[in-house]
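K.L.:
need the 3D shape of this:
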Amino acid sequence: QVQLVESGGDLVQPGGSLRLSCAASGFPLEHRAIGWFRQAPGKEREGVSCISMFDDSIYYTDSVKGRFTISRDNAKNTVYLQMNNLKPEDTAVYYCAADWAYHYCLSSEFASWGQGTQVTVSS
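P.N.:
Numbers count the residues shown, from 1 in each chain. Purely as a prediction, here's the structure:
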C-alpha cells in the first residue's frame, strides 16, 4: 500500500524556520518525482517545489526561491522541505505528492498524496 505522511508543520513567527518531512511507505521515494504543494484557505493548491526522480530537475515557485530547499534522504525514504525566513503568506496546509515524473510542478501531475501538515506563520 502506497502511503505518504507529512510532518513538521507548526506555528512559527515571521522570519522563523521549519523543516517538513514526507515519509513514504510501500514504494521507494528515490524512484519517484516528489512535489511539495500548499493550499491556503480560499486559494487553489499551489506547487511550491518539485524534484525529479534523479534529482536533475528541481523547481521552486518564485515566492519561495532562496528561502526553501527540497531534498531527499533515500536511506530514510523521506523527502524534506526546509523553509527559512518564513512569511505570513507562507501560511497553508502543505502536502507532499509522488509520481513518476513532472513537467510543470502542477498538482494534476501527481497521483499519490499525503494528508497534509499545517504551517502557520504569525506573530
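K.L.:
element containing the nearest residue to Cys22 once chain neighbours are set aside?
P.N.:
The shortest distance from Cys22 to any non-neighbouring residue, by Cβ to Cβ, 6 or more residues apart in numbering, is to Cys96 (3.4 Å). Glycine gets a C-beta too; all of them are placed from N, C-alpha and C. Assigned by DSSP states H and E, Cys96 belongs to strand 92-99.
K.L.:
so how far is Ser123 from the residue most central in space within the chain?
P.N.:
By Cα atoms, centre = their mean, the chain has its centre lying nearest to Trp36, at 2.3 Å. Distance of Trp36 to Ser123, computed by Cβ to Cβ, to the nearest Å: 24 Å.
K.L.:
identify the bridge partners of Thr78.
P.N.:
In this entry, Thr78 is beta-bridged to Ala23, Asp73, by DSSP bridges.
K.L.:
against Asp10, how distant is it?
P.N.:
Applying Cβ to Cβ, the value for Thr78 to Asp10 is 18 Å.
K.L.:
those two: who's more crowded?
P.N.:
Per other Cβ atoms under 10 Å, whichever of Thr78 and Asp10 has more neighbours is Thr78, with 18 against 13.
K.L.:
quick one: that one and Arg72 touch, right?
P.N.:
Yes - counting by Cβ atoms under 8 Å, Arg72 is a contact partner of Thr78 at 7.0 Å.
K.L.:
pull the distance from the helix or strand hosting the residue nearest to the centre of the chain to the chain's centre.
P.N.:
Trp36 belongs to strand 33-39 when assigned by DSSP H and E. Chain-centre distance of strand 33-39: 4 Å, with Cα atoms, centre = their mean, to the nearest Å.
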